[in-house]
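Asker: Got a sequence here, can you build the structure:
(chains A and B)
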Number of protein chains: 2
Amino acid sequence: MADKSRILNKSLQSKVMSAEEAASLIPNGAVVGMSGFTGAGYPKAVPVALAKRAVDERLKGAKFKINVLSGASTGPELDQAMGLTEAVAFRFPYQGDAVMREKINAGIVEYQDMHLSHAGTHVRNGFYGKVNFAVIEVTKIREDGSLVYSSSVGANNIYLEQAEKIILEVNSWQDERLEGMHDIISINQPYGDRKPIDVWAADSRNGSPYQTIDVSKVVAIVETDCADRNAPFKAPEAVHKAIAGHILDFLANEVKQGRLPKNLTPLQSGVGNIANAVLVGLNEGPFEKMTSYTEVIQDGMLDMLDSGKLTVASATAFSVSPEGQVRFNNNIERYRKQIILRPQEISNHPEVIRRLGCIAMNGLVEADIYGHVNSTHIAGKGIENGIGGSGDFARNAAISIFMTPATAKDGKISCIVPFATHIDHTEHDVSVIVTEHGLADLRGKSPKQRAKEIVEKCAAPEYKPLLNDYMKRAFASPSAGRQSPHLFEEAFSWHSRLLKTGDMRPKK
Amino acid sequence: MADKSRILNKSLQSKVMSAEEAASLIPNGAVVGMSGFTGAGYPKAVPVALAKRAVDERLKGAKFKINVLSGASTGPELDQAMGLTEAVAFRFPYQGDAVMREKINAGIVEYQDMHLSHAGTHVRNGFYGKVNFAVIEVTKIREDGSLVYSSSVGANNIYLEQAEKIILEVNSWQDERLEGMHDIISINQPYGDRKPIDVWAADSRNGSPYQTIDVSKVVAIVETDCADRNAPFKAPEAVHKAIAGHILDFLANEVKQGRLPKNLTPLQSGVGNIANAVLVGLNEGPFEKMTSYTEVIQDGMLDMLDSGKLTVASATAFSVSPEGQVRFNNNIERYRKQIILRPQEISNHPEVIRRLGCIAMNGLVEADIYGHVNSTHIAGKGIENGIGGSGDFARNAAISIFMTPATAKDGKISCIVPFATHIDHTEHDVSVIVTEHGLADLRGKSPKQRAKEIVEKCAAPEYKPLLNDYMKRAFASPSAGRQSPHLFEEAFSWHSRLLKTGDMRPKK
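Answerer: Residues are numbered from 1 along each chain as shown, chains lettered A, B, ... in the order given. Okay, the predicted model is just below:
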């Protein structure tokens, strides 16, 4: 550390300082764009210094809160530390930290939850005001001042381009052999001059491996040696395996029907244990030479790259377990040929997702009988994480799959409900819903046809009679049109009961 | 009529027959893709014959129902006639006819309401089964069998490509000088071979003016001489003018702030009187050399083309009043240089809409306090029309505006409600909501910030205290997280009251 061996640009070497010094440059009320996507590639020193500074300022009776824009979620040094000391006034476009979530749901932090493909456009369009600072982790600064990103790209390119001032964290924990893995294309032309995005396949490489910046904007460089922090994955449980099994059967039938090619179309997979179970299933399944065009590379994808089932993985970030990280470092030379890290405005761009015809697979919190999906809010609690890229993919994929265990909290909560308490994906955007009980194919169906399919295939046995009863009475109600009939007086009664009794099921 | 002067392909001349004969080729249970987008370019003879055949079959004790896929809405000869005789089992992806709507809301017709840009992909992906017949209106059949479309393109290209058999209606009412106005690009390559869509600007013309078909699939040609049927527009009322005024002020400020160029970005405008009022306002306003990349060409756009305020209008259909039609025919040579009609999968494609950075302006049925928008369902009645292209544009535009009068039914209904009874556009997709009372700019705001903005700027005075009361109690509720707090027991209470008393307002 502090040897400047990764800061090859001479003029920038004089900008090296401590995290505290760098943090002191950021004024109260600033709009700050930070790197980070899942627990990868986020700044690890300046945010901690900012968090501590908020304590100092508060003790002095002063206020210190900034607006934090990021790629997506980050690690504890950012969202946990800054959440804890209430150093954040406004957060955008995604978070996944327990402390930050608590502050949001307590009304202390204002949070805008946004499609990740939109985030850059919204920032460029000025919806958050002028971006005062970019705080970005990199692996290396090259002679010409261009940057080698670390384990995520996220919205870095946008914040570096838009910010008035730049602070770089050069993290020597990040393997220098990441160089060459990134492919940077920025959509920063004015409207009218924008061209088609030069990504024609999951393995397209038509950008630059480096990020060029305006070197004169760099006001501080902080050297770090800190690990990314991603959660370990659990081995798939029976419920997860059952969900994966239904999806594999469905995909096999799509191939048989001629609706998908034998090697499928590029896979998108959300983060988490169900998603990873599907990847494990795909790795053991019948499909060969698959490709992936997704947001995040998980352990299951490394398995598939290792086995040769997957030929390429395009994403914007890693989200591998500590064990996966060791494996990644041991095989990085091979992975560098198989993995491409892109800006999230490219990895999640509707244009590319539609062109490639991705198969989108994302989790959900609850789905209602007509196929509207809640990805974000838990009744009584507030928001969990955010919509992330699920809408970017669901809305544009060839097939849009949402998956969940049928119940939560030992059966006290049904994940299939009459009316979802928050809607992130509408009936127009959901092709398939799957639970451990079965897979509902909603394609080409009217709302009532979908309702029957969802309840029959996906609902837990103890909730199925309740849902059928609701449907029967709603379908026959004289005060509801027959397109998507609801009984509005009891549409949320399951949630009301849950809040009162802790259980969605009525007492017997 | 019946002179075959518009059927230049010799081999096809023998296929001319009556509408009844052509309709008799279509069996019960068939999947039929028909032309038509708004009241333009839909088949006008075969659907009537099918409707009458359903009567005959019913009298014989037999069943005759088919699945009707279209571009979007059509005219009375299709949806009204076929709805009336209950000749439709399943309808997709949009309708706007009073009789068809009634049959859907009575549960007689199953209806899937879908984003118009998705319709083609879903049909190609086989979600509706094999398309047995395409019934398509054209202006002319050329020597080589290629087609000159009439006043809409819609999903014609997809149905012609996918159908086993083709029936063409050659409508001599359609002006032959429409030839050259269409620009046909089909996205019919398999996934993996798809290329960027060759539309770089609203006035791009990189397709063919003609539709090639497999001539051997044509089983019938019916000659007609029938007018399109689009509704007359009303002169803007005070409420519409007020909404238009707020939008014009907003756009002028966006230009002033440097977020939009002086000539704006390409305009998308929904159909209807409010949308037309905005066009009238734009025609009288300060912006010059505007362009339009939209679904439908309305009278207001003809005005703008006439005045020179608009340089180009790209769409998939006309929806001009009878007076507008006369004006159009009188100036068709000029309009042919200014107007481009594209397939709806191109006019509404997310790729192009994002590239161009459209300004989307669409109507709504109701919006809730957090900015979720209901575009389709009316509590107690059922579905009105459908989502149409509003999601395609809202989700991908640079700025997504939704507009509505603040109340309906003489104030008995508030269009701003605690929770929308159906959600077509989520909080993630709505930039601006505007009523006659003001414009709520939701960009860069958290849900609670949006709620305050919407109620303050948009709600009708008589509903504002009720909304503020709901918000105040929801924001303070101990059983609601503070991200998007709701009181689930009363979230739909306004709608329940409306269904009971005919008025959302509580009795005093």
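Asker: So which bits of the stretch 201-350 of chain A are right by chain B?
Answerer: Within reach of chain B by CB under 8 Å from any CB of the partner chain, the stretch 201-350 of chain A has these residues: A:201, A:257-259, A:261, A:265, A:349-350. Heads up, the C-betas are built off the backbone N, CA and C, glycines and all.
Asker: can I get those in JSON lines with pLDDT, secondary structure and neighbour count?
Answerer: Output for those, formatted as JSON lines (pLDDT from 0 to 100; DSSP: H, G, I helix; E, B strand; the rest coil; neighbours: other CB atoms under 10 Å in any protein chain shown):
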{"residue": "A:Ala201", "pLDDT": "97", "secondary structure": "coil", "neighbour count": "17"}
{"residue": "A:Gln257", "pLDDT": "93", "secondary structure": "coil", "neighbour count": "9"}
{"residue": "A:Gly258", "pLDDT": "91", "secondary structure": "coil", "neighbour count": "8"}
{"residue": "A:Arg259", "pLDDT": "92", "secondary structure": "coil", "neighbour count": "16"}
{"residue": "A:Pro261", "pLDDT": "96", "secondary structure": "coil", "neighbour count": "15"}
{"residue": "A:Thr265", "pLDDT": "98", "secondary structure": "coil", "neighbour count": "22"}
{"residue": "A:His349", "pLDDT": "98", "secondary structure": "coil", "neighbour count": "24"}
{"residue": "A:Pro350", "pLDDT": "97", "secondary structure": "helix", "neighbour count": "26"}
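Asker: show me what contacts the nearest residue to A:Ser319 once chain neighbours are set aside?
Answerer: Of all residues beyond its chain neighbours, the one nearest A:Ser319 is A:Thr38 (3.9 Å), with distances taken as CB to CB, 6 or more residues apart in numbering or on different chains. Residues touching A:Thr38, when contacts are defined by CB atoms under 8 Å, 6 or more residues apart in numbering or on different chains, comprise A:72-73, A:96, A:152, A:230, A:271, A:296, A:317-319.
Asker: of all the residues you listed, which two lie farthest apart?
Answerer: Farthest apart among the contacts of A:Thr38 by CB to CB are A:Gly96 and A:Phe318. That separation is 14.9 Å.
Asker: any low-confidence regions in chain A?
Answerer: Under the criterion of pLDDT under 70, the regions of chain A flagged as low confidence span A:1-2.
Asker: Burial check on the closest residue to A:Leu50 other than its chain neighbours, number of neighbours?
Answerer: Distance criterion CB to CB, 6+ apart; nearest residue to A:Leu50, sequence neighbours excluded, is A:Ala23 at 4.8 Å. Here the neighbour count serves as a burial measure; for A:Ala23 (other CB atoms under 10 Å in any protein chain shown) it reads 25.
Asker: Can you tell me the element A:Ala23 falls in?
Answerer: In this structure, A:Ala23 is located in helix A:19-24 according to DSSP states H and E.
Asker: now swap in A:Val32 and tell me
Answerer: In this structure, A:Val32 sits in strand A:31-34 according to DSSP H and E.
Asker: Which residues are in contact with A:Ser321?
Answerer: Applying CB under 8 Å, 6+ apart as the definition, the contact partners of A:Ser321 turn out to be A:230-233, A:299.
Asker: go with 10 Å
Answerer: When the contact criterion is CB atoms under 10 Å, 6 or more residues apart in numbering or on different chains, the partners of A:Ser321 are A:230-234, A:276, A:298-299, A:302, A:327.
Asker: Restricted to helices, list the residues you listed.
Answerer: If you go by DSSP state H, the contacts of A:Ser321 have A:276, A:299, A:302, A:327 in helices.
Asker: Once you drop chain neighbours, what's closest to the second one?
Answerer: The one in question is A:Asp299. Excluding the flanking residues, the one nearest A:Asp299 by CB to CB, 6+ apart is A:Gly324, at 4.2 Å.
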